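**Q** Build me a model:
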Amino acid sequence: MGRAAIELSGVGKLFAADRAGSPPVLGSVDLTIGDNEFVVLLGRSGCGKTTLLNIVAGLEQATSGVARVAGRPVTGPGGGKGMVFQQNALFPWLTAARNVMFAAENRGVGRADAQALADDLLRLVGLEGVGDKYPAELSGGMQQRVAIARALALDPDILLMDEPFGALDELTRNEMQDELLRVWQARRKTVLFVTHSIWEALMLADRIVVLAPRPGRIVLERRIDEPRPRSRSSLSLVETHEAIWQALQER
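**A** Numbering: from 1, shown residues only. A predicted model of the protein is given here:
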């Protein structure tokens, strides 16, 4: 697996607004993710997968335990981490190219180099020629492609993705899964991806980590050795789907 990109040691989370005596959102989670590994966090709503992602991102602080990125404790956003949300969070007043350029310029890239990088990244995600379009002029799938390009413009070592295709129709969602894998194989980032879709996890992951709710805890880990691109008719994947389905029944 190589060196550890992300290390979670006894990570737990209890929100101040939780009722007294209620179980924590996250129990004590231990997880190590290797450099360039594609790991999917899978679980029901409320199992703490987004909270865990936000702790790695530095958007939330763990109540207990420690999260490390590249061997250093996470103290806040940045530090080699890029984030893609379910809602693309693009700036509606900026064109697609300017949205990507904003991220590049934010890390100190000059205007001309940022423009060249934006053109390159939009081409990478299959959006060559739409740099002058505003988000409202793009489909949902195209907006998410811009969001991925903008995250890549930060040149992160780690890409954190919180159900980025959850709001898309099924056909577009499948296309975006293929697109993400193509981009990942071209740029080889460590990816931590949150979803509640078993098949999405099976199509994407090197390793699937299944969480059960309240307290959020790991109940199953499966490495997926099936070569990409993968087929839903694969007997191995169908069997893994059943094992994951059974793990998701845990309370």
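**Q** now F102, what's its secondary structure?
**A** What DSSP: H, G, I helix; E, B strand; the rest coil gives for F102 is helix.
**Q** That one - how many residues pack around it?
**A** For F102, the neighbour count with other CB atoms under 10 Å is 16. C-beta coordinates here come from the backbone N, C-alpha and C atoms, glycine included.
**Q** mind checking the SS state of L220?
**A** What three-state DSSP gives for L220 is strand.
**Q** So for it, what pLDDT did the model give?
**A** Looking at L220, its pLDDT reads 96.
**Q** Quick check, it in contact with E242.
**A** No. Contact criterion CB atoms under 8 Å: L220 and E242 do not qualify, at 11.7 Å.
**Q** Of the two, which one has the most company?
**A** Per other CB under 10 Å, whichever of L220 and E242 has more neighbours is L220, with 18 against 11.
**Q** Let me see the contact set for the more buried one.
**A** 208-210, 243-244, 247 (CB atoms under 8 Å, 6 or more residues apart in numbering).
**Q** what do you get if the cut-off is 7 Å, keeping everything else the same?
**A** Going by CB atoms under 7 Å, 6 or more residues apart in numbering, L220 touches 210, 244, 247.
**Q** Neighbour-wise, give me the winner out of those.
**A** Counting neighbours by other CB under 10 Å, V210 comes out on top of the contacts of L220 with 26 neighbours.
**Q** what about it, which helix or strand?
**A** Using DSSP states H and E, the element containing V210 is strand 207-212.
**Q** cool, and Q115?
**A** With DSSP H and E as the test, Q115 turns up in helix 111-124.
**Q** need the strands for this structure, in chain order.
**A** In the chain, the strands defined using DSSP state E lie at 4-13, 26-34, 38-43, 64-69, 72-73, 81-84, 158-162, 190-195, 207-212, 217-223.
**Q** And the contacts of stretch 182-198?
**A** Against stretch 182-198 from outside (CB under 7 Å, 6+ apart): 5-6, 33, 35-45, 49-50, 53, 56, 124-125, 148, 152, 156-163, 201, 204, 241, 244-245.
**Q** Buried subset of these, written for PyMOL?
**A** With 16 or more other CB atoms under 10 Å as the criterion, this PyMOL line picks the buried residues out of these:
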select buried, resi 5+6+33+35+36+37+38+39+40+41+42+43+49+50+53+56+124+125+148+152+156+157+158+159+160+161+162+163+201+204+241+244
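**Q** From S45, how far out is P23?
**A** Using CB to CB, to the nearest Å, one gets 16 Å for the distance from P23 to S45.
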